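[1] fold the following and give me the result.
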Amino acid sequence: MTLRHALTSLLILGAAPALAAGRIPYGGELRLAHTGPSLVGDPTLADTPVEATLLGLQSRSLCRLGAGGESHLAVARELSRPMAQTVRVALPSLGLANTLTRAWTRITGPEAPSPYRALLFPVNGEARQLSARGTALELPLSFPWPDLERSLCHPALALPVTTSAPSLGPFASTTGKGVLEARLGYPEGRPYLDRLLLSPTDERGLTRMWTSRQVHLALGALPETGTLSGAALHATYLAYSPRRVPADFRQAFESAIDRDDLTRLFVRAPAVSMPHLLPPALLVQAPRPRPGAPSSGGTRTVTLLYDAGIEDQRAVAERIQVKLHERGYKVALEPLARATLRSRWAKGDFDLMLHALLLPPIPGPALAVVLDAAGRRDLLGVELPLIGAVEDPAARDTRARERALALAPSVPLLPLYAQGLGMRVAPEVAGLVMDAQGLPFLDGAYLQPETPGSPGDRR
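    Purely as a prediction, here's the structure:
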């Protein structure tokens with residue numbers, strides 16, 4: 001061996017530990033506690049930040065949006081435009097193509113209508129008569145809509161989790177309840193973690209498990225200052241039926257409710273008050289001046305429906321009940337399961353309703369969902385073509401924001417507040433990032449060795 005060869009061998013041997021130290025470690029179990037329910041297989045109903053995060057472990061949309069808004073393929077193998085007015089979706093199998101077609105047809109038709117159907121409104125026939133061609137799905141557009149591809153990344157348009165397709169995401173439930181194993185063949189690449197151990201609990205249990213170091217990740221917890229956080233896109237509105245409440249109801253509500261106080265005192269952080277149809281993450285504008293109270297018209301009796309699965313909504317509903325009483329309204333409260341609530345919404349069978357939506361991080365598609373939720377689906381055919389005709393993305397977003405401000409007084413939907421995902425992350429968890437939807441991307445998360453002498457409890 002020459003001197004040069006010997007020196008080269010020594011350099012390689014010396015560098016090996018450094019290279020190994022810099023390599024992301026595979027393996028390990030991440031213990032995750034959350035305040036959500038058991039897995040909700042219907043993506044259109046799993047639309048709180050916690051529920052959407054949990055569903056995303058076992059199912060994915062066609063694509064996902066990175067933190068900068070860039071699109072990455074997930075379930076889809078291809079998203080392309082063979083023609084300017086046609087989007088082509090290529091899927092891994094004929095079965096998945098048919099499953100996706102059925103899922104989208106279901107939410108755009110009368111079977112299980114959802115406000116997220118507005119994301120597919122630009123497709124010919126409002127996507128009610130889709131059909132797969134082999135493993136591909138072609139989506140011809142009724143008008144220019146450059147944001148369609150990114151709209152398809154929304155969690156509500158993900159493939160449903162069923163017994164025949166138990167997992168299409170990075171993890172799969174194979175060994176038992178509450179245990180998710182990494183999928184070795186996941187198209188985006190095997191997750192670094194071997195498995196996730198999921199523990200559903202309430203807020204008190206979440207705090208106890210976190211402070212006693214029983215979990216690495218707590219979803220639904222009050223976030224600590226300076227911790228990782230995402231966009232607040234889970235927007236809550238008060239919908240009202242113009243047929244069932246007086247003409248001056250909007251004025252009565254606006255004069256009675258201080259959104260900042262409502263959000264600060266009755267809504268779990270992270271949350272921001274929302275004075276406009278789009279949340280502050282998409283539209284920053286000073287609120288309009290609050291009007292004075294309307295003249296008294298006697299006592300009116302109304303019923304306020306709210307989501308029994310969202311704890312904050314009970315406190316918010318009770319606060320609205322008290323404040324509207326000052327304006328002559330006797331408000332009865334009725335909690336409902338989300339599926340029932342959405343059914344009542346679709347039929348227009350309500351006086352007042354708290355309606356929470358996970359909005360896409362793009363102003364145009366977000367406005368489409370909001371207008372549909374407001375019962376003004378007729379406006380989609382008027383507003384969306386005008387927005388989609390703007391080619392420059394920044395100018396198109398500006399146009400959507402302008403239309404949101406202009407339309408707000410004419411739609412029976414009162415914005416209240418927007419929330420992000422509250423979570424706490426243990427110091428030994430690395431590689432965790434948030435996507436543009438404000439949800440954590442766990443595929444790239446991994447566990448680092450704990451620092452010796454670390455404290456036994458967390459605060």
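[2] in contact with residue 317: list those residues for me.
    Listed by Cβ atoms under 8 Å, 6 or more residues apart in numbering, the contact set of residue 317 reads 304, 306, 333, 354. Bear in mind the C-beta positions are built from the backbone N, C-alpha and C, glycine included.
[3] am I right that it falls within a helix?
    Yes: checked against DSSP: H, G, I helix; E, B strand; the rest coil, residue 317 lies within a helix.
[4] care to break the protein down by domain?
    For the chain, the structural domains run 29-34+165-229+421-447, 77-151, 234-419, going by automatic domain parsing.
[5] okay, the spatially closest residue to residue 62 that is not a sequence neighbour: pLDDT?
    Leaving aside its chain neighbours, residue 62 sits nearest to residue 76 (3.8 Å; criterion: Cβ to Cβ, 6 or more residues apart in numbering). Each residue has a pLDDT score; the one for residue 76 is 93.
[6] ok, residue 76 touching residue 90?
    Yes: when contacts are counted by Cβ atoms under 8 Å, residue 76 is listed as touching residue 90 (6.4 Å).
[7] same drill for those two, tell me which one is more crowded.
    Between residue 76 and residue 90, counted using other Cβ atoms under 10 Å, the more crowded position is residue 76 (25 against 16).
[8] am I right that that one is in a strand?
    No: following the definition three-state DSSP, residue 76 is coil and is not counted among the residues of a strand.
[9] just to revisit the earlier point, make JSON lines out of the domains of the chain and add distance to residue 41.
    Putting those into JSON lines (distance: least, Cβ to Cβ, whole Å) gives the following:
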{"stretch": "domain 29-34+165-229+421-447", "distance to residue 41": "10"}
{"stretch": "domain 77-151", "distance to residue 41": "11"}
{"stretch": "domain 234-419", "distance to residue 41": "12"}
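[10] list only buried entries from the contacts of residue 317.
    304, 306, 333, 354 (16 or more other Cβ atoms under 10 Å).
[11] now intersect those with the strands, please.
    Secondary structure defined by DSSP state E assigns 304, 306, 333, 354 of the buried ones among the contacts of residue 317 to strands.
[12] sorry, back to before: check contacts around the residue nearest to residue 62.
    If you count contacts by Cβ under 8 Å, 6+ apart, then residue 76 has 62-63, 89-91, 152 around it.
[13] let's go with 7 Å and repeat that
    Residue 76 makes contacts with 62-63, 89-91, as judged by Cβ atoms under 7 Å, 6 or more residues apart in numbering.
[14] cool, residue 296 as well?
    With Cβ under 7 Å, 6+ apart as the criterion, the residues that contact residue 296 are residue 328.
[15] show me the shaky parts of this structure.
    Judged against pLDDT under 70, the low-scoring parts of the chain cover residues 1-23, 163-166, 176, 225-227, 450-459.
[16] let's go with 80 and repeat that
    In the predicted model, the chain carries pLDDT under 80 at residues 1-26, 38-40, 162-167, 174-176, 187, 224-229, 296-298, 449-459.
[17] show me where it has its helices.
    3-22, 49-58, 94-108, 148-151, 203-211, 249-256, 259-266, 311-325, 338-347, 363-373, 380-388, 393-407 (DSSP state H).
[18] and the ones you listed: which comes nearest residue 231?
    helix 49-58 (9.9 Å; Cβ to Cβ).
[19] how far off helix 338-347 does the closest one point, in degrees?
    In this structure, helix 49-58 runs at an angle of 110 degrees to helix 338-347, with axes from the mean of the first three to the mean of the last three Cα atoms, to 10 degrees as the basis.
[20] now do helix 49-58: which elements does it pack against?
    Secondary-structure packing of helix 49-58 (3 or more Cβ pairs under 7 Å, 6 or more residues apart in numbering; DSSP states H and E): strand 171-172.
[21] which strands and helices lie in contact with the strand it packs on?
    Using 3+ Cβ pairs under 7 Å, 6+ apart, the elements in contact with strand 171-172 are helix 49-58, strand 179-182.
[22] of those, which is nearest residue 327?
    Among the helices and strands packed on strand 171-172, the nearest to residue 327 by Cβ to Cβ is helix 49-58 (32.4 Å).
[23] geometric centre of the chain: which residue is closest?
    The residue at the geometric middle of the chain, judged as the C-alpha nearest the mean C-alpha position with Cα atoms, centre = their mean, is residue 358 (4.0 Å).
[24] picking that back up, most tightly packed of the helices of the chain?
    Comparing those on average neighbours per residue, with mean count of other Cβ atoms under 10 Å, the densest one is helix 363-373 at a mean of 27.
[25] contacts for that one next, please.
    Residues external to helix 363-373 that are found in contact with it (Cβ under 7 Å, 6+ apart): 115-119, 121, 147, 151, 237, 239, 277-278, 282-283, 355, 357, 359-360, 379-380, 383-384, 387, 396-397, 400-401, 403-404, 411, 413.
[26] just the strands in the stretch 151-300 of the chain please.
    Counting by DSSP state E, counting those that start in this stretch, the stretch 151-300 of the chain has these strands, from start to end: 171-172, 179-182, 195-200, 217-219, 234-240, 271-273, 300-307.
[27] winner for burial among those strands?
    When the strands of the stretch 151-300 of the chain are scored by mean count of other Cβ under 10 Å, the highest mean neighbour count falls to strand 217-219 (a mean of 25).
[28] so what secondary structure elements neighbour that one?
    strand 29-34, strand 423-425.
[29] point out the most buried one among the ones you listed.
    Per-stretch averages of neighbours, counted by mean count of other Cβ under 10 Å, single out strand 423-425 among the helices and strands packed on strand 217-219, with a mean of 23.
[30] show me what that one is packed up against.
    Secondary-structure packing of strand 423-425 (3+ Cβ pairs under 7 Å, 6+ apart): strand 217-219.
[31] the strand it packs on pairs with which strands, and in what direction?
    Within its sheet, strand 217-219 is paired with strand 29-34 (parallel), strand 423-425 (antiparallel), according to DSSP bridges.
[32] take those and write them to a markdown table, including distance to residue 221.
    As requested, the strands paired with strand 217-219 are exported to a markdown table (distance: least, Cβ to Cβ, whole Å):
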| stretch | distance to residue 221 |
| --- | --- |
| strand 29-34 | 8 |
| strand 423-425 | 5 |
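[33] so which of the domains of the chain comes closest to residue 53?
    Taking Cβ to Cβ as the criterion, residue 53 comes closest to domain 29-34+165-229+421-447 out of those, the separation being 5.0 Å.
[34] how far does the closest one stretch from one end to the other?
    The straight-line separation of the ends of domain 29-34+165-229+421-447 (Cα to Cα, to the nearest Å) is 8 Å.
[35] spit out the contact partners of the residue nearest to residue 189 when sequence neighbours are not counted.
    Counting by Cβ to Cβ, 6+ apart, residue 189 lies nearest to residue 443, which is 7.2 Å off, once chain neighbours are set aside. For residue 443, the contact set (Cβ under 7 Å, 6+ apart) comprises 170, 188, 191.
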